[in-house]
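Chemist: whatever this is, show me its structure:
(chains A, B and C)
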Amino acid sequence: MSADYAHLCSSILEQCFGQVVQAVADCLFSATTRTLSQIVSTTQLARKEVALALAVLIKFRLVRFEPSKSNQFLPEYSLKREDVICLLRYSRYIHLVQTKYGNVGASIAEELLNSGSETATSCLLKCLSDGDNKAESAETYRTTFIQMIADHYIIKTPELVTGDEQDDCVPKFLSNECDFFVPPNIDLQLLAQIRKGDATIASATDGGIVWSLNFDRFHQEFRDDIMKLAIERKLGETAAECFSFILSLIYKTTDPWQRKASNHITFVEIKQAIERKSNNLDLMKYLDQYISLITDDSLGFLRRVGDMGGGQYVIDMEHAFESLAFACVESVITERFGSKATRIFRVIRFKKYIEQEDLQKEAMIPAKEAKSLAYNLFQEQFIHVKVIKKPGGGGSGPAKAFYLFQIKEKDTVRMLLDNCYKSLYNTIRRSNFEKNEHKGLIEKSQRLDSIVETMKERGDSDDYIAEIVETFTPPECEILNKVKNRIRTLSKAELTLDDTIFLLQMYQHHCTTLPTGIKKFK
Amino acid sequence: MAGRGRGGKTGSLTAEQMQALGCVGKDMPQVQSAPPPTFPPVLNKPITLETTASQNYQLLWKEDFLNRMRDSPYYIISASQEKQKSSVKDWREKALERLKNKAEPEFNYKAMPREVNTTSRKRRAAEPRPKLVAKKTNIEDRLKQLEQKELKSSGDNENDEVKQESDSEHEDEPEDPEAALDDEMDEENDYANDYFDNGEAYNEEDDNLDDGPVY
Amino acid sequence: MAAAEIAELLLAVIQGVPGGATNDDLTKALSDVPAASRVEGLNVLLKQGGIEVLKKGEKLIYRAKDPQKKSALPKDADNEEKIVYSIVEEGGNKGIWIRDIRIKSNLNMTQLNKILKNLETKKLIKAVKSVNASKKKVYMLYNMEADRSVTGGAWYQDQDFEVEFVDVLNQQCLRFLQMKREGAEKKRDGPLAFKQMSCCTVKEVHKFISDLGISKVNLDEDDLETILKTVVYDGNAERILQSDGTYVYRAVNLPLPAPGLVQMPCGICPVIKNCSNCGDVTAINCQYMNDWLD
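Modeler: Sure, this is the predicted structure:
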């Protein structure tokens, strides 16, 4: 975890939860675990404030706690650092659910995000009481909720172990992989009674079963979309459809977050699945060709590993995300240093190690330009230099050294990822600045809007309303629009930046052994 | 920093390395006598792509979400932090005012360590800490001071009409049924309750200029 | 065009045709040069002794003379000149560095410089700048054609790398690959047929480029393979190994749209390293950010 990521986390938390939570999280970020008292003394905040901040962080599943090894009654807290950035992805999660399950699904997901985690009954009650959702029946909500569990977008959180009074200093949880996705019993009649006030939520039978959104299931979908889109761009829609069938078959036997490669799948299995579910005639007719097209492509998504069942294949996650991450790195180099620099970068990557002189010849770039581009790439740590020392002849002369350019892929990606974190931090910081700078104006316009609204409700004359609206002068209007545009541009940049971050994080998961915290179940 | 204004262990080459990499003679970066510009010219402008429907959805949702969070009880404003910078009246202070309208936070305290439950009575039995109580009283004091200050400063900034309004609201406060209830049931003047639940009436006036929604 | 230039062009054409060029060859190759100028150019070459005229049946054939014959050392040359000349001669078409001449000849620098200058003015030897090191001059016999390793081959003009030439060829090669791909897209007979149809052999590309007539110099297939590799390195094409050991090339699309990082200034910022919460470069006072936001 880099300093850039620490800054980013800090600003994300400040944006969502304010400065107290930010200070507590900053303190936790820099340590493995901390006790409440340690946080109090580090942050200089009141104990109550720290306790409240911890409660918020636990509620939003950003802090975990465990009893201290030396004292089982003393909880120690740690920040789930890699999950902080998920706060920025909430809008993406909601959008995905909206696409898949419509507004009902979106409202369930939103409720689960707001509460961190809750029982099915309580979640549905809140959804149903929301004014916007009156049109949909409780039945629809229940079906959608259960479907989202079946599709693993909703997961059961570890169950609270209820024990002696003594124990509740540090609550303990029991998690059982087998019932992560076992649907709860949601009693619609009881739901109706509670809504009428004839019963209380305490009488619901699913009291102890608490659900939350399974972020990594969403991440799986995002990741698969990247792969499908890449195939579509390179090999066309039908090849992409073919690949998405292969993906869904793979998940029957493979943990989606298996790091290097998936388990085996045979041609026959793919063929059967496609015959059952696809109505793409072109795909059915040329299935073998599409598979060899994907297998032969330089992206390296699919690898043939045997001949059983008409050919055995694995999805090569490592190769796939190496290709994709470097396509991204190369695009960045093109924009930042020009296409000739990208050519140089690719030559080095292709040759593994290359001397300056060979580099310029291979890239067909004049010596001076090639040197300066390579130098810039080196300065900014996109490429690296390997030194091979040769002992001096006869021991008298100085040791002769060869300098070869190379790319330490993991380092390059990590550097770029840190750049992304810094950039994202910058957008948040700049956005806060813009809001603060024009705070008066923004508030004035908001006040005006609410006044006008009230006047309309009251039925005031249009002339009178227009008069009020005119108190907002044209220059003010102009500035306000400008600021709003700025903030919007920055917000959009936050979204698109996260695409790059996500891609590079996938590289780290599939192409390195770094801990990423990504799991099928959390 | 010397030379090109960049340094750092990883980013510099020795003369020997430069030679080996062919950076000699006219190929050497020119010696610079003046510091480089803070913002040197760039090759390209950032690429602009059209905003997709999906992005629009997400942008709207996110704006909404952040506003909601800022108005939620989970957006914690620190009394002790505020105190230090209360001379600067910024949005945080406004947010503090808004806090008074915030809903009660919902925590499943059963699933959290007991010590983080600031509303628990058990806690006091389990770990009596007179020191802590003293501190809490402090916070209460500070909070009250802060409230006074806020009212004063808002009075300074706004016109007389508004001042009167907020004053009258202030007078209403003790009559607020929930606040009264709080006093009644919480012997210790619980931080969370006191923080989030006094002054419900604040937003009822349409033209209470200080309480506009957050941007 | 000056007569000398035309002469050079003519010589290049004549050298390019094994066994000698006919008048027709010359007319075809230099169609834009008027006949009178061509004759003038040929006269220059004949006077220099660079070519000879042979009669083959009814036709005249112009053939490049063996260079060795032309620049024989005159009889009045002194001993030192002879020594230096023979050392340079040994260097062949790769040339020899002045330091090596000095060591081999055992002459002092002033003397050697004088002799070299002398031989140069007599057009017996020439100095050629090597592309490998711009300061390194090598000497070779006057009408020796310098080796590729010295001149850099087709891509160098007077030891200067012809960036634009290479760029144009790169673009044209890519254009050809893309045209081929578009053509293949129209007829869909399964994905593999499409893929095969969008692949180009070096030969095809060579023909396309030759037909375009954009190159003054003769480019062989190896030259074009070099260019095609740059298209691959640019990420615009892929190189596919065939069963016979040769490669074919095919235009491809990038697998990703523009990354989010370069959709905002920080992704292309040259001073991002200096960017922090304070100092000259911050997100608040950033010039790039300001330009982008307005």
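Chemist: tell me which element residue 88 is part of?
Modeler: Since you didn't name a chain, this refers to chain A. Using DSSP states H and E, A:Leu88 maps to helix A:86-115.
Chemist: oops, chain C please
Modeler: Using DSSP H and E, C:Val88 sits within helix C:79-90.
Chemist: same thing with A:Asn263?
Modeler: Following DSSP H and E, there is no helix or strand that holds A:Asn263.
Chemist: got the contact list for it?
Modeler: Residues near A:Asn263 by CB atoms under 8 Å, 6 or more residues apart in numbering or on different chains: A:250, A:253-254, A:314. C-beta coordinates here come from the backbone N, C-alpha and C atoms, glycine included.
Chemist: pop the domain breakdown of chain A in here.
Modeler: A:3-81, A:86-213, A:218-315, A:320-407, A:413-511 (automatic domain parsing).
Chemist: now those as CSV including distance to C:Gln48 and mean pLDDT?
Modeler: Listed next are the domains of chain A as CSV, based on distance: least, CB to CB, whole Å; pLDDT from 0 to 100:
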stretch, distance to C:Gln48, mean pLDDT
domain A:3-81, 68, 93
domain A:86-213, 75, 87
domain A:218-315, 53, 94
domain A:320-407, 32, 89
domain A:413-511, 59, 90
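Chemist: of all those domains, which one is nearest B:Leu66?
Modeler: Nearest of these to B:Leu66, taken as CB to CB: domain A:3-81 at 6.4 Å.
Chemist: centre of the chain to the closest one, how far?
Modeler: Counting by CA atoms, centre = their mean, to the nearest Å, domain A:3-81 is centred 21 Å from the centre of its parent chain.
Chemist: wait, does it contact chain B?
Modeler: Yes: part of domain A:3-81 sits near chain B under the criterion CB under 8 Å from any CB of the partner chain, namely A:15-21, A:23, A:36, A:44-49, A:51-56, A:58-60, A:65, A:75.
Chemist: and those, which of them are in helices?
Modeler: Using DSSP state H, the subset of these located in helices is A:15-21, A:23, A:36, A:47-49, A:51-56, A:58-59.
Chemist: can I get the buried part of those as one ChimeraX selection?
Modeler: Buried subset of these, written as a ChimeraX selection, criterion 16 or more other CB atoms under 10 Å in any protein chain shown:
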select /A:15,16,17,18,19,20,21,23,36,47,48,49,51,52,53,54,55,56,58,59
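Chemist: so which bits of the helix holding C:Val88 are buried?
Modeler: Result for helix C:79-90 [16+ other CB under 10 Å]: buried residues C:81, C:83-85, C:87-89.
Chemist: just checking, what packs against that helix?
Modeler: Identification of packing neighbours for helix C:79-90 by 3 or more CB pairs under 8 Å, 6 or more residues apart in numbering or on different chains; DSSP states H and E yields strand C:96-97, helix C:98-105, helix C:109-121, strand C:137-141.
Chemist: which part of the stretch 151-294 of chain C gets nearest to chain B, residue-wise?
Modeler: Nearest residue of the stretch 151-294 of chain C to chain B (CB to the nearest CB) works out as C:Gln287 at 4.0 Å.
Chemist: and the closest residue to that residue other than its chain neighbours, what helix or strand is that in?
Modeler: Nearest in space to C:Gln287, with sequence neighbours left out and distances taken as CB to CB, 6 or more residues apart in numbering or on different chains, is B:Phe39 at 4.0 Å. If you go by DSSP H and E, B:Phe39 is not part of any helix or strand.
Chemist: residues near B:Phe39, how many?
Modeler: Neighbours of B:Phe39 under the rule other CB atoms under 10 Å in any protein chain shown: 19.
Chemist: same deal with C:Arg239?
Modeler: Using other CB under 10 Å, C:Arg239 has 17 neighbouring residues.
Chemist: what do you get for C:Ala36?
Modeler: With other CB under 10 Å as criterion, C:Ala36 counts 8.
Chemist: what's the answer for A:Arg349, then?
Modeler: Applying other CB under 10 Å, we find 19 residues neighbouring A:Arg349.
Chemist: tell me where chain C has strands.
Modeler: C:21-22, C:51-56, C:59-64, C:96-97, C:125-129, C:137-141, C:156-157, C:160-161, C:200-201, C:237-241, C:247-251 (DSSP state E).
Chemist: would you turn the ones you listed into JSON lines with mean pLDDT and distance to chain A?
Modeler: What follows is the strands of chain C, written out as JSON lines (pLDDT from 0 to 100; distance: least, CB to the nearest CB, whole Å):
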{"stretch": "strand C:21-22", "mean pLDDT": "82", "distance to chain A": "31"}
{"stretch": "strand C:51-56", "mean pLDDT": "75", "distance to chain A": "33"}
{"stretch": "strand C:59-64", "mean pLDDT": "79", "distance to chain A": "29"}
{"stretch": "strand C:96-97", "mean pLDDT": "86", "distance to chain A": "17"}
{"stretch": "strand C:125-129", "mean pLDDT": "84", "distance to chain A": "12"}
{"stretch": "strand C:137-141", "mean pLDDT": "85", "distance to chain A": "16"}
{"stretch": "strand C:156-157", "mean pLDDT": "74", "distance to chain A": "10"}
{"stretch": "strand C:160-161", "mean pLDDT": "76", "distance to chain A": "4"}
{"stretch": "strand C:200-201", "mean pLDDT": "94", "distance to chain A": "17"}
{"stretch": "strand C:237-241", "mean pLDDT": "94", "distance to chain A": "6"}
{"stretch": "strand C:247-251", "mean pLDDT": "95", "distance to chain A": "11"}
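Chemist: can I get these in TSV including distance to B:Arg114?
Modeler: Below are the strands of chain C laid out as TSV (distance: least, CB to CB, whole Å):
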stretch	distance to B:Arg114
strand C:21-22	100
strand C:51-56	104
strand C:59-64	99
strand C:96-97	85
strand C:125-129	83
strand C:137-141	86
strand C:156-157	80
strand C:160-161	75
strand C:200-201	73
strand C:237-241	63
strand C:247-251	66
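Chemist: from chain C, how far off is A:Tyr77?
Modeler: 27 Å (CB to the nearest CB, to the nearest Å).
Chemist: what's the helix or strand for that residue?
Modeler: Assigned by DSSP H and E, A:Tyr77 falls in strand A:75-79.
Chemist: just checking, what packs against that strand?
Modeler: When contacts are defined as 3+ CB pairs under 8 Å, 6+ apart, strand A:75-79 packs onto helix A:3-29, helix A:36-43, strand A:63-67.
Chemist: and the shortest one with helix A:36-43, angle?
Modeler: When you say that, I think you mean strand A:63-67. Regarding strand A:63-67 and helix A:36-43, their directions subtend 130 degrees when assessed with axes from the mean of the first three to the mean of the last three CA atoms, to 10 degrees.
Chemist: paired strands for strand A:63-67, with orientation please.
Modeler: strand A:75-79 (antiparallel) (DSSP bridges).
Chemist: contact residues of the stretch 151-294 of chain C facing chain B?
Modeler: Counting by CB under 8 Å from any CB, the residues of the stretch 151-294 of chain C that sit close to chain B are C:257-258, C:262-265, C:267-271, C:273-274, C:280-281, C:286-288, C:291-292.
Chemist: ok, the stretch 351-500 of chain A next?
Modeler: Those residues of the stretch 351-500 of chain A that sit near chain B, judged by CB under 8 Å from any CB, are A:356-357, A:367-368, A:371-372, A:374-375, A:378-381, A:385, A:387, A:401-403, A:435-436, A:439, A:442-443, A:446-447, A:450-451, A:454, A:488, A:491-492, A:494-496.
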